[in-house]
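**Q** Okay, structure incoming, though there's no sequence with it:
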């Protein structure tokens, strides 16, 4: 274990310890998240999803950061993506139960907002399916494009303001990895089940769970990128 690994583990342990043992910290977080959900989503996903990519790099190379990685541009991009993730949570958690009502499952919205039942599990699963089938592929592809854009600019901060050559980068994506691994495997086998659990949680804890998942999201997409380079 390297010194950097020890620093990371200790930092994570201290953060978890603080949230578990000091209710004031958790309550303050929940209050801020409730009143400033979009801002906290930007910060949350910007930091944690980027950390997931750093973990992927550590697994592949032995280092958390390398020249050209572009940690600041990645934080900014993930922060923006975090805003769209928060938006997707609100839209699909509200709209999918209403659509189920439209299809004839009249109590879907009421069931979703009630205590746990098998019916609520079914509604949560439907919400997760809708979000991950409709929204997730677009988000993951956008992330891939921005990731390649940052890499093409050697991770420099100017990549944030430099126009993205979408059509050119789109053709450079390894669609064998993007389709067969990112879409066909991670969405049905991980993201749909994971977000089904997310939507079963009380609303005040969904954001915490989503933050944890954002680390996994960054890790999976980073590993997919590394895999495509082999």
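**A** Great, that's in hand. Computed from a predicted structure; not experimentally measured. Residues are numbered from 1 along each chain as shown.

**Q** Looking at this protein, which helix is longest?
**A** In the chain, assigned by DSSP state H, the helix with the most residues is helix 71-102.

**Q** Show residues contacting the helix or strand following that helix.
**A** Tracing the chain past helix 71-102, the next element assigned as helix or strand by DSSP states H and E is helix 108-112. With contacts defined as C-beta atoms under 8 Å, 6 or more residues apart in numbering, helix 108-112 is touched by 93, 97-98, 100-101, 117, 119-120, 123-124, 126-127, 199. Backbone N, C-alpha and C define where each C-beta goes, glycine included.

**Q** now do 10 Å
**A** For helix 108-112, the external contacting residues (C-beta atoms under 10 Å, 6 or more residues apart in numbering) are 93-94, 96-102, 105, 117-124, 126-127, 199-200.

**Q** In terms of secondary structure, what does the longest helix of the chain contact?
**A** Contacts defined by 3 or more C-beta pairs under 10 Å, 6 or more residues apart in numbering; DSSP states H and E place helix 71-102 against helix 37-61, helix 108-112, helix 118-134, helix 136-152, helix 192-200, helix 203-228.

**Q** Out of those, which gets nearest to residue 85?
**A** helix 37-61 (6.3 Å; C-beta to C-beta).

**Q** Which segments of the chain make up each domain?
**A** Residue ranges for the domains of the chain, per automatic domain parsing: 1-35, 37-228.

**Q** Let me have those in a markdown table, extended by mean pLDDT.
**A** Output for these, formatted as a markdown table (pLDDT from 0 to 100):
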| stretch | mean pLDDT |
| --- | --- |
| domain 1-35 | 85 |
| domain 37-228 | 89 |
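
**Q** Buried ones only from the contacts of helix 108-112, please, as a PyMOL command.
**A** In PyMOL syntax, the buried subset of the contacts of helix 108-112 is picked out as below (16 or more other C-beta atoms under 10 Å):
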select buried, resi 93+96+97+100+105+120+122+123+124+126+127+199+200
